[in-house]
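Asker: I need the structure of the sequence given here:
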Amino acid sequence: MSKAQGKPAQTRWGIVTTAKEVPDLLLAFAAHHASIGASRIHLYLDDPDPALARRLEDIPGVEVTQCDTTYWQMIRGQRPSAQENRQVENAMDAYGRTDVDWLIHIDADEFISPRANIVNELTFVPKEFHFVELEVRERVYTPEHRPETIFSGEFRVPLNRRARAARALFGDMAPFTTRGFSGHCAGKSFVRVGLEHLLMGIHVPRLRKVGNERLMSLISHSATLLHFDGLTPAHWVSKMVRYGAQDTYLKSDRLGEHRRRQLEYVMARKGDRQAVEHLHDLMKVVKAEDAARLRALGVLEPADVDPSLGLHLFGLADQVDLSVAYFDGYDAPAEEELKRSA
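Answerer: Got it, this is the predicted structure:
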């Protein structure tokens, strides 16, 4: 349509992700986002894997960067020790060279769930706005949705209420959450590409100090972000036991107070797996008597995305195993090493 008719050119959006995950998850991640309209998927492999890169690049729009010694020497001289710093460096690298109009920085356990046309929404964002925020939903389990695949479950909606409301709704789990979430509730952001002095962040972008200029944002109405914090119950337990064994993680200034309480619980029990499993179930398993009430209050939603559809679209469905049993088995060698070092 011509400019004289007032419609802007259709926009393109893309993703940047730094990941060290089970290959099957990364294939599902890339296929899903390509299937819902991502024009470019910048995947930075924190643990270089040329064979996986070749499989990923068969999916349209995927561009893989191996984060090896040569890459880090080129980018900043040496590999940053902190995961968050590596993520930001890679996001900035992608931002500086991507060929899309909007770029969103998400993790491999986060899946965008469209509710309307994402391209249409981003196309009509006024130029005065620099980023568009996606609200996040966090996966939980209910009696009707016990884990069979890594994507089983329903989704908790963040509470826009005071802490005492969380205590009334969630009881004993409330102190271990923020707005009812065990993980982050900050969401992620589509960032307009080509802005000067911009720094990609973990959740939202920011500006290098340039006068009094401030970034402006909108809330997306076309999509939400589904966070699978712990691909399986055993995966979450293992992660928390591992974090609990690293006091440097507890000292991080980026650690939320609710996550700090979780880790203090784990450390006080010396990483006892049964105790950590109890914490998992307290936060992530909704009791049958609570589920209907939480759905009626709008803080529990059914799953509205099926990542396996993208795998079918690109002919990968029979090459990928998304079962809980497979993912738990994949982590088994690392689990044995963790137990021996405990």
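Asker: List the contacts of the spatially most central residue of the chain.
Answerer: In the chain, the residue lying closest to the centroid (Cα atoms, centre = their mean) is residue 110, at 3.0 Å. Residues in contact with residue 110 (Cβ atoms under 8 Å, 6 or more residues apart in numbering) are 136, 188, 225-228. For glycine as for every other residue, the C-beta is placed from the backbone atoms N, C-alpha and C.
Asker: just residue 320 next, same as before
Answerer: So residue 320 contacts 24, 27-28, 311 (Cβ under 8 Å, 6+ apart).
Asker: just for this protein, where's the confidence low?
Answerer: 1-8, 145-146, 161-163, 210-212, 247-254, 331-342 (pLDDT under 70).
Asker: for it, which helix is longest?
Answerer: helix 83-97 (DSSP state H).
Asker: does the nearest residue to residue 205 once chain neighbours are set aside count as helix, strand or coil?
Answerer: Spatial nearest neighbour of residue 205, excluding adjacent residues (Cβ to Cβ, 6 or more residues apart in numbering): residue 191 at 4.8 Å. The three-state assignment at residue 191 reads strand, by DSSP: H, G, I helix; E, B strand; the rest coil.
Asker: wait, what's in contact with residue 191?
Answerer: Contacts for residue 191 were tallied using Cβ under 8 Å, 6+ apart; they are 95, 102-105, 130-131, 198, 200, 205.
Asker: ok, now residue 90?
Answerer: Neighbours of residue 90 in contact, by Cβ under 8 Å, 6+ apart: 16, 18, 42, 44, 65, 67.
Asker: could you list every residue that touches the last one?
Answerer: I take that to be residue 67. 18, 44-48, 79, 86, 90 are the contacts of residue 67 under Cβ under 8 Å, 6+ apart.
Asker: 7 Å instead, please
Answerer: Contacts of residue 67 were listed using Cβ atoms under 7 Å, 6 or more residues apart in numbering, and they are 44-46, 48.
Asker: So of these, which two are at opposite extremes in space?
Answerer: Spatially, the most separated pair among these is 44 and 48, at 9.9 Å (Cβ to Cβ).
Asker: which of the two has more neighbours?
Answerer: Set residue 44 next to residue 48 and count neighbours by other Cβ atoms under 10 Å: residue 44 wins out with 23 against 17.
Asker: what about that one, is that helix, strand or coil?
Answerer: strand.
Asker: Need phi/psi at residue 134.
Answerer: phi -100, psi 130 (degrees, to the nearest 10).
Asker: Do a quick rundown of the strands in this structure.
Answerer: 13-19, 40-45, 62-66, 102-105, 110-114, 131-134, 136-140, 154-156, 188-192, 198-199, 206-207, 217-219, 223-227, 300-302 (DSSP state E).
Asker: As a markdown table, those strands with distance to residue 288 would be great.
Answerer: As requested, the strands of the chain are exported to a markdown table (distance: least, Cβ to Cβ, whole Å):
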| stretch | distance to residue 288 |
| --- | --- |
| strand 13-19 | 35 |
| strand 40-45 | 39 |
| strand 62-66 | 41 |
| strand 102-105 | 36 |
| strand 110-114 | 25 |
| strand 131-134 | 30 |
| strand 136-140 | 13 |
| strand 154-156 | 13 |
| strand 188-192 | 32 |
| strand 198-199 | 46 |
| strand 206-207 | 44 |
| strand 217-219 | 33 |
| strand 223-227 | 23 |
| strand 300-302 | 12 |
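Asker: returning to that earlier point: ok, the contacts of residue 191 vs residue 255, which is closest?
Answerer: residue 105 (19.4 Å).
Asker: residues contacting the closest one?
Answerer: Residue 105 makes contacts with 16, 91, 188, 200, as judged by Cβ under 7 Å, 6+ apart.
Asker: which residues does it form a beta bridge with?
Answerer: Note on residue 105: beta-bridge partners residue 16, judged by DSSP bridges.
Asker: ok, so what distance separates it from residue 190?
Answerer: 10 Å (Cβ to Cβ, to the nearest Å).
Asker: centre of the chain versus stretch 133-141, how much separation?
Answerer: 9 Å (Cα atoms, centre = their mean, to the nearest Å).
Asker: And the contacts of it?
Answerer: The contact list for stretch 133-141 (Cβ under 7 Å, 6+ apart) reads 112, 147, 153-158, 181-185, 187-189, 204, 217, 219-220, 223-229, 284-286, 301.
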